[in-house]
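# Here is the input, now give the coordinates:
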Amino acid sequence: MTCMTPRLISIFAFLLSFTIVMSLLFYVTDLKDRGPRKVLTAYSPDSDLLNIPQEEPILIKHIQTKYLKYPNVSKDVDDEKYKSNINLMFNDMTNGKFIEVGASEEFGSTQILVDSLNWTGLVIEPHPDRYLDIAKLRHVHTANICISPTYYPREASFKSVKGHIKITCFPLYSVMAAFKSTNLDLLKLNLKEADYQVLKTLPWTKVCIKVISVPVKSKDISMVTKFLSNHGYQPNEHTENTQHYYFSYKKNCPSNIRIVRM
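Have a look, this model is predicted:
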């Protein structure tokens with residue numbers, strides 16, 4: 001067997017060293033990719049959330065800890081103009097639960113549910129200026145966010161007295177789960193231009209909503225009506241002289257709805 005020359009030995013040693021180094025680099029990189037998932041905190045930038053699906057517990061927990069605000073005023077409102085329809089619709093049911101999306105009025109039908117029937121509610125208002133007024137005046141949980149028309153979070157820009165402000169939009173299901181209310185007595189939407197898209201994102205086998213309210217002026221009202229009809233809803237007869245259509249679920253909510261526990 002012919003002996004290797006010093007030049008061949010040097011080349012062989014270089015190739016062997018190069019192969020070992022590249023193998024180690026590949027192994028270390030692969031370990032990093034397999035590392036634990038990033039943990040979101042209350043200080044995490046919302047840009048980290050944009051690719052997280054709506055049912056992920058990490059997203060739900062983030063909404064719960066960073067955005068849901070507790071009530072800070074006492075109940076002292078009494079507005080007669082809403083009482084007849086609301087009382088008829090819910091038959092004076094006490095201790096119900098609601099979520100109102102895009103609630104820009106000072107007081108309204110949901111406020112009566114809180115004041116007269118001891119309901120618990122979450123009011124969502126994306127506009128920064130209006131949100132401050134609502135948070136001060138309403139005895140409900142509040143959240144300064146918007147609702148995403150997709151299955152994932154996204155960002156939107158709102159014009160404020162302080163200039164344009166970016167607000168994070170979360171899927172409705174994620175917010176319901178964060179509020180521990182995948183089983184709701186009332187969902188009141190005030191989106192006007194995105195009601196249909198938002199309703200389509202809900203995983204209907206994992207939620208049950210007894211009454212859904214949509215603005216009369218919603219541009220999607222015909223599609224909303226057909227969509228809700230296909231999911232077991234019918235128009236409620238106790239909605240005369242209101243600014244919303246109300247749709248009632250024709251069945252009882254099943255007891256096996258999965259409750260998201262954090």
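# Which of the residues in stretch 92-101 are classified as buried?
Within stretch 92-101, the residues that qualify as buried by neighbour count (16 or more other C-beta atoms under 10 Å) are 96-101. Where C-beta positions appear, they are placed from N, C-alpha and C, glycine not excepted.
# okay, how far is it across it, tip to tip?
This stretch, stretch 92-101, spans 23 Å end to end (C-alpha to C-alpha, to the nearest Å).
# and for that stretch, what are the contacting residues?
90, 110, 113, 117-124, 147, 172, 175-176, 179, 181, 183-191, 198 (C-beta atoms under 8 Å, 6 or more residues apart in numbering).
# Now, of the residues you listed, which are buried?
Counted by 16+ other C-beta under 10 Å, these give 90, 110, 113, 119-124, 147, 172, 175-176, 179, 181, 183-191, 198 as buried.
# Now, those that are in strands?
Among these, DSSP state E puts 120-124, 147, 183-189 in strands.
# Would you agree Leu50 is in contact with Glu155?
Yes. If you go by C-beta atoms under 8 Å, Leu50 and Glu155 touch, sitting 7.5 Å apart.
# Flag the shaky bits of the stretch 1-150 of the chain, pLDDT-wise.
For the stretch 1-150 of the chain, applying pLDDT under 70 flags the ranges 1-9, 11-18, 21-47, 72-87, 104-108, 137-138.
# if you set the cut-off to 90 instead, what comes out?
Within the stretch 1-150 of the chain, the stretches with pLDDT under 90 are 1-51, 62, 64-93, 102-118, 125-140.
# mind listing the strands for it?
Along the stretch 1-150 of the chain, the segments classed as strands by DSSP state E, counting those that start in this stretch run 97-101, 120-124, 141-143, 146-148.
# Which one of the ones you listed lies nearest to Tyr245?
strand 97-101 (14.9 Å; C-beta to C-beta).
# thought Thr201 was touching Thr150?
Yes. Between Thr201 and Thr150 there is a contact under C-beta under 8 Å: 6.5 Å.
# so what sits against both of these two?
Joint contacts of Thr201 and Thr150 (C-beta under 8 Å, 6+ apart) are Pro171.
# tally of neighbours for the nearest residue to Asp220 once chain neighbours are set aside?
Using C-beta to C-beta, 6 or more residues apart in numbering and skipping the chain neighbours, the partner closest in space to Asp220 is Tyr196 (3.7 Å). Number of residues near Tyr196 (other C-beta atoms under 10 Å) recorded here: 22.
# Could you report the distance from Tyr196 to His62?
Distance, Tyr196 to His62, by C-beta to C-beta, to the nearest Å: 27 Å.
# With Ser222 instead?
36 Å.
# Pick out whichever of these two has more residues nearby.
His62 (25 against 10).
# Just to check, that one is in contact with Ile145?
No. In this structure His62 lies outside contact range of Ile145 using C-beta under 8 Å: 11.1 Å.
# Tell me where this protein has helices.
Here the chain has its helices, by DSSP state H, at 6-33, 57-66, 83-90, 109-117, 128-137, 172-178, 195-200, 221-230.
# from the buried residues of stretch 92-101, which two are the most distant?
Gly96 and Val101 (16.8 Å).
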